[in-house]
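Student: fold the following, please.
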Amino acid sequence: MRIVSLVPSSTEMLFALGAGDQVVGVTHECDWPPEALDLPKVTVDRLPPGLDAREIDEAVRAHTEQGAAIYELDERALRELQPELIVTQSLCAVCAVSADDVRAVARTIGSAPEILSLDSLTLGEVLGDIRVLAQRIDATDAGVDLVQDAATRIDAVRLAVRGAAQPRVLALEWLDPVFVAGHWVPQMIEYAGGVDLLGLPGERSEVFTWEQVKAVQAEVVVVMPCGYDAERAQEEAYTYGDELEVLGARQVVAVDASGLFSRPSHRLVDGLETLAHILHPDRVPDPPSQPLEVAL
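Tutor: Below you'll find the predicted structure:
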């Protein structure tokens, strides 16, 4: 089967399911596993480089208000690949090309590709999407194994932190304006042994003011700007260091949002284990990804 993945999370899952050799095209943001970097790209970023957090937010809002995605589909490249299956999503206009655009182009491709949209909002739904994808590509056994491994690790984290004091946690998905992480992140914080002060499980990320986030008196602030790795997240944290310092948290950490928190794939379990280490290092001593402390 010839597969084009239009979302980094589905690229990650396809490779984890053993179907990497069937993936013939990906997005310009697909960077995991490393083999994905060598595949043909069928999208480009419409935003100019070098924008700061506020400028990126304003540009994204301008595009979405006009009904346009911030990623452009390379229609010619997609047609040349002649995919049989295109995996995409319609949950977030910022995260992928427009699903409507994909369907319109698909109707012009001789291979008549099927469109599979994966739109998880919770950790459980992510595991469900792994099953759906596995069944569609005839990799049911691999899907069962991948879900079972994820479930086992989730249970291990919940068992490790059971009975521990629960720190008050604030997860920031963007810093200008301030976005509090939603979707699966609040659930991850709960499973990691913390209390999410503002995020709502299964709901979209929400904009707050610095005054509002200060008022909840978080003990731990996790900086996870959407699409950024830990080093870039740490840079953003220092850029907004004055605002973060005023929150009065005893700990501020930057994490690999792009790899472990922003994308609804099986790698969210790595994010869960990393969160559990942040909140309970004595109980979860060896995280898959080392968070970076932000000294304010």
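
Student: residue 261 touches residue 183, doesn't it?
Tutor: No. When contacts are counted by CB atoms under 8 Å, residue 261 is not listed as touching residue 183 (9.4 Å). Where C-beta positions appear, they are placed from N, C-alpha and C, glycine not excepted.

Student: between the two, which one's more packed in?
Tutor: residue 261 (30 against 27; other CB atoms under 10 Å).

Student: next one: that one from residue 135, what distance?
Tutor: 26 Å (CB to CB, to the nearest Å).

Student: also residue 145?
Tutor: Residue 145 is 14 Å from residue 135, by CB to CB.

Student: more neighbours: those two, which one.
Tutor: Between residue 145 and residue 135, counted using other CB under 10 Å, the more crowded position is residue 145 (15 against 11).

Student: show me what counts as buried in the biggest helix by length in the chain.
Tutor: Assignment by DSSP state H gives helix 140-161 as the longest helix of the chain. For helix 140-161, a neighbour-count test (16 or more other CB atoms under 10 Å) marks 142, 143, 146, 147, 150, 153, 154, 157, 160, 161 as buried.

Student: which residues does residue 107 contact?
Tutor: By CB atoms under 8 Å, 6 or more residues apart in numbering, no residues touch residue 107.

Student: quick one, phi/psi of it?
Tutor: phi -70, psi -10 (degrees, to the nearest 10).

Student: repeat for residue 88
Tutor: Given degrees, to the nearest 10, the pair of backbone angles that residue 88 has is phi -140, psi -160.

Student: specify the beta-bridge partners of it.
Tutor: Beta bridges link residue 88 to residue 117, judged by DSSP bridges.

Student: from what I can see it touches residue 101, true?
Tutor: No. Counting by CB under 8 Å, residue 88 stays clear of residue 101, with 9.7 Å between them.

Student: more neighbours: the two, which one.
Tutor: The neighbour comparison of residue 88 against residue 101 (other CB under 10 Å) goes to residue 88, with 26 against 18.

Student: the more buried one: what's it in contact with?
Tutor: Listed by CB under 8 Å, 6+ apart, the contact partners of residue 88 are 6, 7, 10, 96, 97, 99, 102, 115, 116, 117, 118.

Student: between those, which is closest to residue 31?
Tutor: residue 7 (12.6 Å; CB to CB).

Student: the stretch 1-150 of the chain: strands as residue ranges?
Tutor: 3-5, 23-25, 43-45, 71-73, 85-88, 114-117 (DSSP state E, counting those that start in this stretch).

Student: highest average neighbour count across these?
Tutor: The highest mean neighbour count among these, using mean count of other CB atoms under 10 Å, belongs to strand 3-5: a mean of 28.

Student: now do it: which elements does it pack against?
Tutor: When contacts are defined as 3 or more CB pairs under 8 Å, 6 or more residues apart in numbering; DSSP states H and E, strand 3-5 sits against helix 8-16, strand 23-25, strand 85-88.

Student: ok, now with 10 Å
Tutor: helix 8-16, strand 23-25, helix 75-81, strand 85-88, strand 114-117, helix 123-136 (3 or more CB pairs under 10 Å, 6 or more residues apart in numbering; DSSP states H and E).

Student: I appreciate the help and will end here.
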